[in-house]
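Asks: Prediction below, plus the sequence it came from.
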Amino acid sequence: MDDRARVRVGVLGANGKVGKAICDAVNAAADLELVATVDQGDAIDSFVNSGTEVVVDFTHPDVVMDNLKFLVENGIHAVVGTTGFDDARLATVTEWLDASPGTGVLIAPNFAIGAVLLMRFSEQAARFFDSVEVIELHHPNKADAPSGTAYRTAGLIAEARAKAGVGKSPDATTTELEGARGADVDGVRVHSIRLAGLVAHQEVLLGTQGETLTIRHDSMDRTSFAPGVLLGVREISTRPGLTVGLDPLLDL
Ligand SMILES: NC(=O)C1=CN([C@@H]2O[C@H](COP(=O)(O)OP(=O)(O)OC[C@H]3O[C@@H](n4cnc5c(N)ncnc54)[C@H](OP(=O)(O)O)[C@@H]3O)[C@@H](O)[C@H]2O)C=CC1
Ligand SMILES: O=C(O)C1=N[C@H](C(=O)O)C[C@H](O)C1
């Protein structure tokens, strides 16, 4: 392919577990060119000097806002997998984007297609069951709990139940060792497991009279995130402003 037609891609967190998988995937794609990589201690302005068009960020919740501010101010599109985005952070990113029209930012809590579908299926199922709880299971090197995916899943479930007029999940607990019932995310209990040997997994358990439904997704390998990320890289220049979640890119 003509070099001028290839999208010029940069990766932030390039030496990390997911960053490495994304660099490999970009290098293997004929229509993309990996022009700059940045990790801890490297100068972020190499993205400007190299003419990077789209940066993929898989770093850490503590640093991702500074990274994004730099990218948006420099008119560089961003595809962000790093977690830690609440409504306040999303509002801040939107403000930055208002001052940089034409720049696109995609923030997705999970780029694995199966995880995106799990979130959608959970949202659809939520109103039909009295009870719902989320269990997320990850490798022990993960910094944040609950996971970004579980946080988003619980939010979508809570919204769907509120819209349908479904009340809180029944729970008679009156005495509790702190943490035993998990975190409360918008009224949905979320339990976080950290276990050597795991990568990224999530179950949504739903129950009502005489039946339960379990929806589960497993990422066995970090290559599972690459197709969704590359889709974002290819599309983001046509989507100025903030996009949250991969759903619109999959026509979901
Ligand atoms: N949305 C999704 O689909 C997915 C999201 N994630 C999220 O992505 C993030 C990264 O995950 P993972 O790859 O497992 O983490 P890692 O710790 O393996 O990788 C993060 C990398 O970023 C580097 N880093 C830290 N600060 C900076 C900085 N300021 N500039 C450049 N690089 C920096 C780290 O360096 P050092 O180690 O030296 O600090 C490390 O090499 C997490 O928030 C995780 O939850 C993960 C998987 C999928
Ligand atoms: O840290 C991880 O590994 C993952 N982080 C994301 C999250 O917090 O949801 C996505 C996936 O679960 C892997």
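Replies: Cool, got the structure. Ligands and ions are numbered 1, 2, ... in the order given.
Asks: For the rest of this, base every contact and every neighbour count on C-alpha atoms.
Replies: Noted.
Asks: so after the longest helix seen in the chain, what's the next helix or strand?
Replies: Longest helix of the chain, by residue count under DSSP state H: helix 148-164. The C-terminal neighbour of helix 148-164 among helices and strands, as given by DSSP states H and E, is strand 183-185.
Asks: now for that next one, which elements pack on it?
Replies: When contacts are defined as 3 or more C-alpha pairs under 8 Å, 6 or more residues apart in numbering; DSSP states H and E, strand 183-185 sits against helix 148-164, strand 188-194.
Asks: show me what contacts residue 73?
Replies: Remark: with contacts taken as C-alpha atoms under 8 Å, 6 or more residues apart in numbering, residue 73 is in contact with 96, 100.
Asks: quick one: pLDDT of the nearest residue to residue 40 once chain neighbours are set aside?
Replies: Closest residue in space to residue 40, ignoring its immediate chain neighbours: residue 13 at 7.1 Å, by C-alpha to C-alpha, 6 or more residues apart in numbering. Looking at residue 13, its pLDDT is 98.
Asks: same check, this time on the one 5 residues further on
Replies: At residue 18, the pLDDT value in this model is 98.
Asks: so which helix or strand takes in it?
Replies: Per DSSP H and E: helix 17-28 holds residue 18.
Asks: Report the buried residues of that helix.
Replies: Taking 16 or more other C-alpha atoms under 10 Å as the basis for neighbour counts, the residues of helix 17-28 that come out buried are 18, 19, 20, 21, 22, 23, 25, 26.
Asks: same check, this time on stretch 209-225
Replies: Buried residues in stretch 209-225, defined by neighbour count with 16+ other C-alpha under 10 Å: 215, 216, 217, 218, 219, 222, 223, 224, 225.
Asks: would you turn those residues into TSV with pLDDT and secondary structure?
Replies: Rendered in TSV, the data for the buried residues of stretch 209-225 read as follows (pLDDT from 0 to 100; DSSP: H, G, I helix; E, B strand; the rest coil):
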residue	pLDDT	secondary structure
215	99	strand
216	99	strand
217	99	strand
218	99	strand
219	98	strand
222	98	helix
223	98	helix
224	98	helix
225	98	helix
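Asks: so where is the chain shaky, pLDDT-wise?
Replies: Applying pLDDT under 70 to the chain flags the ranges 1-4.
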